[in-house]
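# give the three-dimensional model of this entry:
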Amino acid sequence: MHRRERFRHRSADIARCWAKYGLLLLSTSMERLMSEVDESEPKRSEVSNPNIQELGMCYLNAFHML
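Alright, predicted model coming up:
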């Protein structure tokens, strides 16, 4: 393997690590915020904004693909 090719592979590895780290931060933040909302508001069966629900599903799908 040439040095340039090996460098590209390592750069891609590092980029994947940062992406996973960012998703972990988002996940942790979402869980914390959702627990705060659950404690402060009565439970609701539906999300009032369908765009938020769709965004949440997209996020969860992307997170499980890693």
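# helices of the chain, start to end?
Counting by DSSP state H, the chain has helices at residues 3-40, 50-65.
# lowest-confidence stretch among those helices?
In terms of mean pLDDT, the lowest-scoring of the helices of the chain is helix 50-65 (a mean of 59).
# can you lay out the helices of the chain as CSV showing mean neighbour count?
C-beta: built from backbone N, CA, C; applies to glycine. Listed next are these as CSV, based on neighbours: other Cβ atoms under 10 Å:
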stretch, mean neighbour count
helix 3-40, 10
helix 50-65, 11
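# and Arg10, how far from Glu39?
As defined by Cβ to Cβ, to the nearest Å, Arg10 lies at a distance of 44 Å from Glu39.
# what does Thr28 give?
Counting by Cβ to Cβ, the gap from Thr28 to Glu39 is 17 Å.
# same question for Leu33.
11 Å.
# mind listing the shared neighbours of these two?
Counting by Cβ atoms under 8 Å, 6 or more residues apart in numbering, Leu33 and Glu39 have no common neighbour.
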